[in-house]
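Enquirer: structure of the sequence below:
(chains A and B)
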Amino acid sequence: MQEKYLPSEIEHAAQVQWTASQTYRARDDSDRPKYYCLSMFPYPSGRLHMGHVRNYTIGDVLARYHAMRGFNVMQPMGWDAFGLPAENAAIANNVPPAAWTYANIDHMRTQLQALGFAIDWSRELATCKPDYYRWEQWLFTRLFEKGVIYKKMAMVNWDPVDATVLANEQVIDGRGWRSGALVEKRDIPMYFFRITQYADELLSGLDSLPGWPERVKTMQANWIGKSVGVRLAFPLEFDGKQDKLWVFTTRADTLMGVTFVAVAAEHPLATRAARDNPALAAFIAECKQGSVAEADMATMEKKGMDTGLKVTHPLTGESIPVWVGNYVLMSYGEGAVMAVPAHDERDFGFAQKYDLPIKQVIEAGDIREAKKAIKAGGLTEKGLAQCEQVLSGSQFTPERWQVWYEEKNGVCVKSGKYDGLDYTAAVDAIAADLAALNLGEKKIQFRLRDWGISRQRYWGCPIPIIYCDSCGDVPVPAEQLPVVLPEDVVPDGAGNPLNKRADFVDCSCPKCGAPARRETDTMDTFVESSWYYARYACPNFDGGMLDARANKWLPVDQYIGGIEHAILHLLYARFFHKLMRDEGLVAGDEPFVNLLTQGMVIADTFYREAPDGKKIWFNPADVVVDESGARLKSDGQPVIVGGTEKMSKSKNNGVDPQALIDQYGADTARLFTMFAAPPEQSLEWSDAGVEGAHRFLKRLWKMAYEHVQGGAVAAFAGGELPEAAKTLRRQLHQTIQKVSDDIERRKQFNTAIAAVMELMNALARLDGDDATTRSVRQEALEAAVALLAPMVPHISEALYAELKPGAAMAWPAVDEAALVQDEIEFMLQVNGKLRGQIRVAATATREAIEAAALASEAAQKYLEGKPPKKVVVVPGRLVNIVV
RNA sequence: GCCGGGAUGGCGGAAUCGGUAGACGCAGCGGAUUCAAAAUCCGCCGCUGGUAACAGUGUGGGGGUUCGAGUCCCCCUCCCGGCACCA
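Expert: The predicted structure follows:
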């Protein structure tokens, strides 16, 4: 055995051996229970970053643990290879996105392999390859024919200078990232997935996912946003014609308090009103400036303008003004809202700003109670004062409006026949009256919108549609698929370069044979990442999208990925699974049984501002920070510190793990990443601490080396032990228990590692070279090495081979007999404060424990001879004496 | 703005079901070894007072429930993620 721990040597040897013997090949034909462990596949951005290392190490720990437990494990890997950064790189370096992407994949594959992940590389896939996206195009045509995919107009960010659609990320402070031009909203035709048709199932399906974090399910449920309300109409007359303005509201009980209605700038009524109203037209044009991102819409100043139009209140017949409001979203509900300033925060702010009437129609519950109590009489002085205080707020004033709009348990007032009704009763009564007038009905409304997938970009999966002047939008027939994306294109940032490629665009109509044009839009990259998990089961199948193996491996037993994917990616993948199920391609309802959302790896950001106001971001590795501030290493000039954020390409704050691997080896990088923070928490990167992880591995190596030098010995197999060895064995088996539980149930690896560290510290203190002690040491070392194997597989394998030559490393078993304790230590509290300890036999009764506690010196000191008020005994833990 | 999450020593974090706050590691300090250094080994290490024993205090801030709160409830502050064309 080597005396020194040489990571590069043992890691290389282990990896070569794993590859040669196909150790991590998932068996399609095995009868052992399957365990499909999937980590979210990477975007091939260039090099691995720490987030990848964290993600894949978590997956690898779980995969290796289950393999040691006898499962037939599948851990695949692939590349989410289409996307915007490849086009940006192309523009910056004048290389085709394809070449850039393939080079990145090759480099990152090497890096992943150097980390020693137990990946079945025979299943590798890349979404930019025709043999993958071909089936996505095939499914698209099927769904298009079924009507699950349809075409409609939708709003995008438009850069008028570059004449191109911008991603939200490319809009910076309302301007295009390259041109600096003010961004406009523009309506263009797009293809949509009818995800709203599955809204109810996507919502109720969350209940069938006990293995998902609560927070993720809550986020998804809120995103789907099912609300029960009333869709109702305000009749109006326009251009001499009778019409209706429809709105959706969850607060129909406040209908009698409506003082105006507001429509979105894009609403047809606004457009019509603006025809002969230049001021309104100008205001609408202003609303159409800026990005389409919801966050921008929600944080901008609420503005509006009276259209001059009036609608009729459906129940009172009152005339109500129609406003255009920049805060009304065309994409939600009807694109119009009824405004009740007295009981809605946003309406209130708007009414205050434009001096619109505010009409109270709900009385708060506490005010009602106070009025009742005073009327009934017999109040104490204090009670009366309380009631009066409540009533002092009962006059509606703008300063006190929160009391009114926040009130959920109020009743209707000043609402005619609805006075005195609570929320449910009022909504029911009003909905019934509206229905009788044919002016409304109860309706379920989702916040979820249909999924627009058209992207006016080159580097994506082509949408398989052909435009024919006589036949219209024709899906490409299956036998003509795939529609192959040419890979020799270099985009220039101004529009989709496919439009300039006659060899791509020109084609003939599959129906009539006439000359036709190919769609040049590509699909949202979320489409590729919505079904890759299923394709891993049969990546080489060329007869269809999936074969029978999909149902052998699915559902995924453990999915691991960043919390930033909690809503969109995971919702789309769940949706796609249901689409594939309804096509008869997969059997189950949900794709991922257990989900682990790792926290982000965050790091400092540094930037400089260019003369045109753009920010240029610098990598932390290229920056030195000291008392004088942050400076760029290359030129010594200062840079601005931008705060600690998620490691990302756009902020250029990713830390390259390669240096770590080169200096300390993969095991150290893996160990440190798992040890630094629990998986679900965000991990602030710092280089300090890596040294400690490496030191631990060196110590482990040294202890094993010294033990092995002493000659062969069998692991402890039973019999009486001296006290020190017995205690160590108890700790050993407690550690096995804890590490198993930490990995399998808690999925918290930092504490598992800490427990093994404690064990090693104890083992280092165990003296004695007699045969018995050595046999206990052998047992402990074998177990410790096996417990660490999921985290640090290379060193574990090397050490196990030295400790127990020729044996296969299995997960250690707990010896229940070793766990038995004779005496237990109880904490002694007096009035909840720790005052001492007592030792009691493990078999002691509650009475005996109590007696021992009261008899203790500490208790006597605080009792001062008096009997205790109360004694609380927590079994196995503590005694609290209340004096 | 809306939805979700977080805050514990100088730092990363532990405390799993309301029961010893600070495990484990980093940094620091002291010592051993060494010609010296690195490496390694041993010890100390929340804060305040005290030579010490010990006492008080302490989990972002304020309030509450409880014999007992880092953990549960209410209010607030700050930080992070998502917000539908970044992936």
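
Enquirer: okay, A:Arg339: pLDDT?
Expert: Actually, residue A:339 is Ala rather than Arg. pLDDT recorded at A:Ala339 is 93.

Enquirer: the closest residue to it other than its chain neighbours and A:Ala295: what is the separation?
Expert: Once flanking residues are discounted, A:Ala339 sits nearest to A:Asp347: 4.1 Å by Cβ to Cβ, 6 or more residues apart in numbering. C-beta coordinates here come from the backbone N, C-alpha and C atoms, glycine included. For A:Asp347, the distance to A:Ala295 (Cβ to Cβ, to the nearest Å) stands at 21 Å.

Enquirer: higher neighbour count, these two?
Expert: Between A:Asp347 and A:Ala295, counted using other Cβ atoms under 10 Å, the more crowded position is A:Asp347 (27 against 9).

Enquirer: could you list the buried residues of stretch A:590-608?
Expert: By 16 or more other Cβ atoms under 10 Å, the buried positions in stretch A:590-608 come out as A:590-607.

Enquirer: that older thread, isn't the residue nearest to A:Ala339 right next to A:Val340, touching?
Expert: Yes - checked against Cβ atoms under 8 Å, the pair A:Asp347 and A:Val340 is within contact range at 5.7 Å.

Enquirer: who in the stretch 401-550 of chain A is up against RNA strand B?
Expert: Within the stretch 401-550 of chain A, the positions near RNA strand B by Cβ under 7 Å from any atom of the strand are A:447-449, A:451-457, A:524-526, A:529.

Enquirer: with the stretch 1-150 of chain A instead?
Expert: Taking Cβ under 7 Å from any atom of the strand, the part of the stretch 1-150 of chain A that reaches RNA strand B is made up of A:Tyr43, A:Asp80, A:Phe82, A:Gly83, A:Leu84, A:Pro85.

Enquirer: what do you get if the cut-off is 6 Å, keeping everything else the same?
Expert: Listed as neighbours of RNA strand B in the stretch 1-150 of chain A under the rule Cβ under 6 Å from any atom of the strand: A:Tyr43, A:Asp80, A:Gly83, A:Leu84, A:Pro85.

Enquirer: now do stretch A:654-668: distance from first to last residue.
Expert: Stretch A:654-668 stretches 19 Å from its first residue to its last (Cα to Cα, to the nearest Å).

Enquirer: identify the residues contacting it?
Expert: For stretch A:654-668, contacts defined as Cβ atoms under 8 Å, 6 or more residues apart in numbering pick out A:7-8, A:11, A:47-53, A:111, A:114-116, A:601, A:603, A:619-621, A:647-648, A:669, A:672, A:685, A:690, A:693-694, A:697, A:791-795.

Enquirer: following the helix or strand bottoming out on mean pLDDT in chain A, which helix or strand comes up?
Expert: Every helix and strand in chain A was compared by mean pLDDT, DSSP states H and E; the lowest is helix A:401-405, with a mean of 58. Downstream of helix A:401-405, the first helix or strand assigned by DSSP states H and E is strand A:411-412.

Enquirer: could you say what helices and strands that following strand packs with?
Expert: Contact partners of strand A:411-412 among helices and strands, from 3 or more Cβ pairs under 8 Å, 6 or more residues apart in numbering; DSSP states H and E: strand A:362-363.

Enquirer: gap between A:Ser208 and A:Glu201?
Expert: A:Ser208 is 10 Å from A:Glu201, by Cβ to Cβ.

Enquirer: correction: the previous question concerned A:Asp769.
Expert: Between A:Asp769 and A:Glu201 the distance is 67 Å, computed by Cβ to Cβ.

Enquirer: more neighbours: which of these two?
Expert: Neighbour totals were compared for A:Asp769 and A:Glu201, and A:Glu201 leads with 13 against 8 (other Cβ under 10 Å).

Enquirer: how much space between the more buried one and A:Ala587?
Expert: Distance, A:Glu201 to A:Ala587, by Cβ to Cβ: 16 Å.

Enquirer: which SS class is A:Phe826?
Expert: strand (DSSP: H, G, I helix; E, B strand; the rest coil).

Enquirer: so how many other residues sit close to it?
Expert: So A:Phe826, with other Cβ under 10 Å, has 22 neighbours.

Enquirer: does it touch A:Pro875 like I think?
Expert: No - between A:Phe826 and A:Pro875 there is no contact under Cβ under 8 Å: 9.4 Å.

Enquirer: and A:Glu169, that's in a strand?
Expert: No - the assignment for A:Glu169, made by three-state DSSP, is helix rather than a strand.

Enquirer: without its sequence neighbours, what residue ends up closest to it?
Expert: Using Cβ to Cβ, 6+ apart, the closest residue to A:Glu169 is A:Ser650 (6.7 Å).

Enquirer: I figured A:Arg535 hits A:Arg549, correct?
Expert: No - taking contacts as Cβ under 8 Å, A:Arg535 lies outside contact range of A:Arg549: 10.3 Å.

Enquirer: between these two, which one's more packed in?
Expert: Neighbours per residue, other Cβ under 10 Å: of A:Arg535 and A:Arg549, the larger number sits with A:Arg535, 23 against 16.

Enquirer: for RNA strand B, what's its nearest residue on the stretch 651-800 of chain A.
Expert: Per Cβ to the nearest atom of the strand, A:Gly692 is where the stretch 651-800 of chain A lies closest to RNA strand B, at 2.4 Å.

Enquirer: distance of the closest residue in space to that residue that isn't next to it in sequence from A:Asp428?
Expert: In space, and not counting its chain neighbours, A:Gly692 is closest to A:Phe672: 7.9 Å by Cβ to Cβ, 6+ apart. Per Cβ to Cβ, A:Phe672 is found 61 Å from A:Asp428.

Enquirer: before we move on, what about A:Arg774?
Expert: 81 Å.

Enquirer: quick one: secondary structure of whatever residue of the stretch 301-450 of chain A ends up closest to RNA strand B?
Expert: As assessed by Cβ to the nearest atom of the strand, RNA strand B sits closest to A:Arg449 within the stretch 301-450 of chain A, at 3.7 Å. The assignment at A:Arg449 comes out as coil when based on three-state DSSP.

Enquirer: who are the contact partners of it?
Expert: Applying Cβ under 8 Å, 6+ apart to A:Arg449 gives the contacts A:Ile195, A:Thr196, A:Ser331, A:Tyr332.

Enquirer: is the first one in contact with A:Asp450, as I believe?
Expert: Yes - A contact is recorded between A:Ile195 and A:Asp450 when judged using Cβ under 8 Å, the distance being 5.8 Å.

Enquirer: same list, the residues of the stretch 1-150 of chain A next to RNA strand B, but as a markdown table with secondary structure please.
Expert: Listed next are those as a markdown table, based on three-state DSSP:
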| residue | secondary structure |
| --- | --- |
| A:Tyr43 | coil |
| A:Asp80 | coil |
| A:Gly83 | coil |
| A:Leu84 | helix |
| A:Pro85 | helix |
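
Enquirer: farthest pair in the residues you listed?
Expert: Farthest-apart pair in these is A:Asp80 and A:Leu84; separation 11.9 Å (Cβ to Cβ).

Enquirer: so A:Ile195 and A:Asp450 - more neighbours on which side?
Expert: A:Ile195 (22 against 19).

Enquirer: need the contact list for that one.
Expert: Going by Cβ under 8 Å, 6+ apart, the list of residues near A:Ile195 reads A:Leu202, A:Leu448, A:Arg449, A:Asp450, A:Trp451, A:Leu571, A:Tyr572, A:Phe575.

Enquirer: what bridges to the residue nearest to the fifth one when sequence neighbours are not counted?
Expert: In space, not counting the residues next to it along the chain, A:Trp451 is nearest to A:Phe193; the distance is 4.2 Å by Cβ to Cβ, 6+ apart. When assigned by DSSP bridges, A:Phe193 has beta-bridge partners A:Ile149, A:Trp451.

Enquirer: ok, of the residues of the stretch 1-150 of chain A next to RNA strand B, which one's closest to A:Lys417?
Expert: For those, the nearest to A:Lys417 is A:Leu84 (57.6 Å; Cβ to Cβ).

Enquirer: picking up where we left off before, export the residues of the stretch 1-150 of chain A next to RNA strand B to CSV and append columns for neighbour count.
Expert: Listed next are those as CSV, based on neighbours: other Cβ atoms under 10 Å:
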residue, neighbour count
A:Tyr43, 22
A:Asp80, 20
A:Gly83, 23
A:Leu84, 19
A:Pro85, 18
